[in-house]
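*Asks:* Kindly return the folded structure for what I paste below:
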Amino acid sequence: YIHVVDLAKGHLKALERLQQVHGVSTWNLGTGRGYSVRQMITAFEEVIGRPLPHVFKARRPGDIAQCWSDPSKARDDLGWEAERDLLAMLTDAWRWQSRHPKGYAEDAAASAKPAANTETALAS
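*Replies:* Numbers count the residues shown, from 1 in each chain. Here you go, the predicted model:
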């Protein structure tokens, strides 16, 4: 997991680097740390201040046991490192979701409505 702000900053650093050096390169942008489902649940419960209902089941065929990025090349080449830890990521995600319970659907619905004077302007 990575915070969207850290990811955006990493992309900006990569763009700056590509303006200085010709060619192609690849950088992993991440925290360099993986989290288990149990760790995610525990952290999220801490953020929301209450137990989170959940049921643990056996791993499904094809599920990987562990996965995380190695951002060392981004650190070395770009001088970039993720700044936010898991609790900060979940806190910001929860704050945003609490303020926007319908997600981006609210923004899409608001922008789809014509302004009150649009019809008058078009009729002129």
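*Asks:* what about the helices in this protein?
*Replies:* 4-20, 37-48, 72-78, 86-99, 105-112, 118-123 (DSSP state H).
*Asks:* got any ranges where the chain has weak pLDDT?
*Replies:* By pLDDT under 70, the weakly predicted segments of the chain are 107-111, 113-124.
*Asks:* Which segments of it make up each domain?
*Replies:* 1-33+68-84, 34-66+85-124 (automatic domain parsing).
*Asks:* most neighbours per residue, which of these?
*Replies:* Comparing the domains of the chain by mean neighbour count (mean count of other Cβ atoms under 10 Å), domain 1-33+68-84 ranks first with a mean of 15. C-beta coordinates here come from the backbone N, C-alpha and C atoms, glycine included.
*Asks:* starting at the chain centroid, how far to that one?
*Replies:* What separates the centre of domain 1-33+68-84 from the centre of its chain is 14 Å, taken as Cα atoms, centre = their mean, to the nearest Å.
*Asks:* Stretch 33-45 now?
*Replies:* 15 Å.
*Asks:* Please enumerate residues in contact with it?
*Replies:* The contact list for stretch 33-45 (Cβ atoms under 8 Å, 6 or more residues apart in numbering) reads 1, 51-52, 54, 56, 66-68, 86-87, 90, 94.
*Asks:* cool, stretch 88-102 as well?
*Replies:* Contacts of stretch 88-102 (Cβ under 8 Å, 6+ apart): 1-3, 43-44, 47-48, 84, 103, 106-107.
*Asks:* CA atoms of stretch 49-63 as PDB?
*Replies:* Taking C-alpha atoms only, stretch 49-63 is exported to PDB below (Å, rounded to 0.1, in the frame of the first residue of the first chain):
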ATOM      1  CA  GLY A  49     -12.200   3.500  16.800                       C
ATOM      2  CA  ARG A  50     -14.300   0.400  16.700                       C
ATOM      3  CA  PRO A  51     -14.100  -3.300  15.800                       C
ATOM      4  CA  LEU A  52     -14.400  -4.100  12.200                       C
ATOM      5  CA  PRO A  53     -16.500  -7.200  11.500                       C
ATOM      6  CA  HIS A  54     -14.500  -9.800   9.500                       C
ATOM      7  CA  VAL A  55     -14.200 -13.500   8.900                       C
ATOM      8  CA  PHE A  56     -10.900 -15.200   8.100                       C
ATOM      9  CA  LYS A  57     -11.000 -17.900   5.400                       C
ATOM     10  CA  ALA A  58      -8.400 -20.100   3.800                       C
ATOM     11  CA  ARG A  59      -6.200 -18.700   1.100                       C
ATOM     12  CA  ARG A  60      -7.700 -19.100  -2.300                       C
ATOM     13  CA  PRO A  61      -5.800 -20.900  -5.100                       C
ATOM     14  CA  GLY A  62      -3.500 -18.400  -6.800                       C
ATOM     15  CA  ASP A  63      -3.400 -16.000  -3.800                       C
END
